[in-house]
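# turn this into a model:
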Amino acid sequence: MRFRCDAKLPLIGFGTAAYPYNGERIEQAIATALELGYRHFDTAKIYGSETAVGRALTDAIGGGKVEREDIFVTSKLWGSDHREPVTALRQSLKNLGMEYLDLYLIHWPARFKTWASYPVPTEDDFDGLDMESTWAGLERCVDLGLCKCIGVSNFSCTKVDRLLQHASIPPAVNQVEMHPLWRQKKLREFCEERKIQVSAYSPLGGPGNSWGSTGVVENPIIKSIALKHSATPAQVALRWGLEKGANVITKSFNRERMKENMGALGLRLDEEDVMEIDRLEEWKLMRGEFLVNQTTSPYKTIQELWDGEI
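Next up is the predicted model:
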């Protein structure tokens with residue numbers, strides 16, 4: 001899958017956010033993921049997993065199991081670092097033990113003061129949003145060779161459009177929640193027209209997360225489609241995302257589930273299957289309530305955060 005900035009983004013990625021944090025478990029999972037064919041590894045400052053990801057990948061590279069050029073590493077800029085993206089990325093690279101990232105994303109369209117509470121901000125932590133200067137900082141990261149590609153995460157169509165008005169380097173990716181019960185049709189079409197790759201996080205609905213749901217994998221329609229194809233509900237959900245043009249970022253540290261998720265690459269859905277899924281009722285799971293307040297946040301309501309696209 002090639003996208004703006006001429007890098008190659010693997011179709012299925014491996015997410016590394018894990019609560020509670022266990023670095024050894026993450027390292028073991030990445031070693032297994034590499035063995036099973038995963039090549040895209042997604043981390044972020046807020047996850048706390050950069051160091052473990054870096055150790056696991058460095059060990060694999062040093063052991064001759066994979067070349068650095070064959071893996072794709074994504075990390076993300078947290079809101080308290082919007083004033084200094086170059087400094088923040090250099091710290092992420094130090095954590096990872098790497099010379100460059102393949103992709104660096106703005107994690108959320110919100111800026112916090114440098115001393116902001118971590119990870120959930122208080123009302124006193126919000127700072128004035130200045131996306132133009134933040135994006136200029138990410139462009140500087142590209143110019144310095146610290147990352148190959150830059151993009152955004154959790155951006156609505158409206159926010160991406162505003163960014164494009166001043167960007168010298170357009171975003172390559174918009175990483176958003178996307179699964180059969182939150183299909184992102186408007187955003188997908190918007191991004192496709194502008195050659196921005198949609199990257200789907202929580203493509204199974206985030207089961208196991210405090211905010212997630214088993215609604216996708218337990219949905220009767222998805223289960224029936226899975227039975228029809230001798231597949232699993234997870235494979236159907238992932239294949240649906242791939243057929244909609246997204247790359248999908250899975251997160252499981254269980255070897256069998258990791259293998260099962262990769263099996264989505266060999267599945268093909270019928271047009272009727274896709275149409276059935278596209279008729280399912282939708283609801284968004286990761287709503288971003290922690291970014292909304294009536295005093296200091298630029299977003300007084302959830303609708304303002306998502307520009308009515310929710």
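
# quick one, what contacts Gly137?
82-86 (Cβ atoms under 8 Å, 6 or more residues apart in numbering). From N, CA and C alone the C-beta is placed, and that goes for glycine too.

# which stretches in the stretch 201-310 of the chain count as strands?
Listed in chain order, the strands of the stretch 201-310 of the chain (DSSP state E, counting those that start in this stretch) span 247-250.

# tell me which stretches of it form helices.
Along the stretch 201-310 of the chain, the stretches classed as helices by DSSP state H, counting those that start in this stretch are 220-228, 233-243, 255-262, 271-277, 302-305.

# sorry, back to before: keep only those of the contacts of Gly137 that are in helices.
Judged by DSSP state H, helices contain the following of the contacts of Gly137: 85-86.

# and the pLDDT at Arg279?
You'll see Arg279 listed with a pLDDT of 97.

# again with Phe3
53.

# same check on Ala18?
For Ala18, the model assigns a pLDDT of 81.

# which among the contacts of Gly137 end up buried?
Neighbour-count burial (16 or more other Cβ atoms under 10 Å) is assigned, among the contacts of Gly137, to 82-83, 85.

# which of the helices of the stretch 201-310 of the chain is buried the deepest?
Most buried of those, by mean neighbour count (mean count of other Cβ atoms under 10 Å): helix 233-243, with a mean of 24.

# just to revisit the earlier point, so which of the buried ones among the contacts of Gly137 comes closest to Thr295?
Using Cβ to Cβ, His82 is the member of the buried ones among the contacts of Gly137 that sits closest to Thr295, with 19.5 Å.

# and the closest one, how far from Ser133?
8 Å (Cβ to Cβ, to the nearest Å).

# now swap in Val236 and tell me
Separation of Val236 from Ser133 (Cβ to Cβ): 43 Å.

# and if you look at Leu93?
From Leu93 to Ser133 the distance is 21 Å (Cβ to Cβ).

# next: Leu9.
In terms of Cβ to Cβ, Leu9 sits 27 Å off from Ser133.

# also Val274?
Here the criterion is Cβ to Cβ. By it, Val274 lies 42 Å from Ser133.

# so where is the chain shaky, pLDDT-wise?
1-4, 6 (pLDDT under 70).

# make it 80
Counting by pLDDT under 80, the ranges of the chain that qualify are 1-7, 20, 117-118, 208, 210-212.

# and Ala60, how many neighbours does it have?
19 (other Cβ atoms under 10 Å).

# host element of it?
Using DSSP states H and E, Ala60 sits in helix 50-62.

# contacts for the helix or strand just after that helix next, please.
On the C-terminal side of helix 50-62, the nearest following helix or strand under DSSP H and E is strand 72-77. Residues from elsewhere that reach strand 72-77, judged by Cβ under 8 Å, 6+ apart: 7-10, 13, 39-46, 50, 53, 57, 85, 88-89, 92, 96, 98, 101-107, 134, 138, 153, 175.

# relative to Trp108, how far out is Phe290?
In terms of Cβ to Cβ, Phe290 sits 9 Å off from Trp108.

# that older thread, can you redo the contacts of Gly137 as CSV with distance to Asp278?
Below are the contacts of Gly137 laid out as CSV (distance: Cβ to Cβ, whole Å):
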residue, distance to Asp278
His82, 36
Arg83, 42
Glu84, 43
Pro85, 37
Val86, 42
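
# could you give the angle of the strand or helix carrying Cys149 to strand 72-77?
Counting by DSSP H and E, the element that carries Cys149 is strand 147-153. If you take axes from the mean of the first three to the mean of the last three Cα atoms, to 10 degrees, strand 147-153 sits at 50 degrees to strand 72-77.
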